[in-house]
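Below are the sequence and a predicted model for it; my questions follow.
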Amino acid sequence: MKKFILLTILFFGISVNAQELTWHTDMTKATEIAIKEKKPLLLFFTGSDWCGWCIRLQKEVLKTPEFAKWANENVVLVELDFPRRTPQDEALKIQNSQLAQSFGVQGFPTLYFVTPTKNAENKVNLNNFGSQGYVAGGPTKWLEGANQIMKNKS
């Protein structure tokens, strides 16, 4: 019985400490959330099922508790995926391709920090204030760069 209680407490403690991340794929929805919460968007251009550097970035940074804590406090996350083997809805492919073209994405992984704003006609503008890719050194080094970029947000 003591082992059961100990395991229950341990499991509950881990569950409480693990922060869940929401990676949006619908740019319209993510933009609405970002404007409402007054947070920038972090756009993650990735090739999730084939890009070695993308997979490495996920493992070393984006799936760590340090990143989760930072992201939940600072940004709205958007994954713009370009898979080769994983099926993807046609509308999502079009959205992702248009955004990659708009931002001039040259390779993966690329992450853009943007501030969404609405103009008088209720159209959304994405004000890019920095980008970053894979950074060696784990979450600490990646977050140092991200925090430097965040100082530029408007």
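Good, I have the coordinates. Numbering: from 1, shown residues only.

Where in the protein is the helix or strand with the lowest mean pLDDT?
Lowest mean confidence among the helices and strands of the chain (mean pLDDT, DSSP states H and E): helix 2-17, at a mean of 44.

residue contacts, the residue nearest the centre of the chain?
The residue at the geometric middle of the chain, judged as the C-alpha nearest the mean C-alpha position with C-alpha atoms, centre = their mean, is residue 77 (3.6 Å). Residues touching residue 77, when contacts are defined by C-beta atoms under 8 Å, 6 or more residues apart in numbering, comprise 21-24, 30, 41-42, 44, 71. From N, CA and C alone the C-beta is placed, and that goes for glycine too.

Next, it: phi, psi?
Main-chain torsions, residue 77, degrees, to the nearest 10: phi -90, psi 140.

so where's this protein shaky on pLDDT?
The chain contains residues with pLDDT under 70 at 1-19, 154.

residue boundaries of the strands in it?
Along the chain, counting by DSSP state E, strands occupy 23-24, 41-46, 76-81, 110-118, 124-132.

from those, which stretch is densest packed?
strand 41-46 (a mean of 24; mean count of other C-beta atoms under 10 Å).

helices or strands next to that one in the packing?
In this structure, strand 41-46 packs against helix 27-37, strand 76-81, helix 90-103, strand 110-118, with contacts taken as 3 or more C-beta pairs under 8 Å, 6 or more residues apart in numbering; DSSP states H and E.

Does residue 140 touch residue 70 like I think?
No. The pair residue 140 / residue 70 is not scored as a contact, 10.6 Å apart, by C-beta atoms under 8 Å.

which residues does residue 140 contact?
The neighbours of residue 140, taking C-beta under 8 Å, 6+ apart as the test, are residue 66.

redo that, cut-off 10 Å
Residues touching residue 140, when contacts are defined by C-beta atoms under 10 Å, 6 or more residues apart in numbering, comprise 61, 64, 66.

For the first one, which non-adjacent residue is spatially closest?
Leaving out its chain neighbours, the residue that sits closest to residue 61 by C-beta to C-beta, 6 or more residues apart in numbering is residue 142, at 4.5 Å.

And the second one, by the same measure?
Distance criterion C-beta to C-beta, 6+ apart; nearest residue to residue 64, sequence neighbours excluded, is residue 139 at 4.6 Å.
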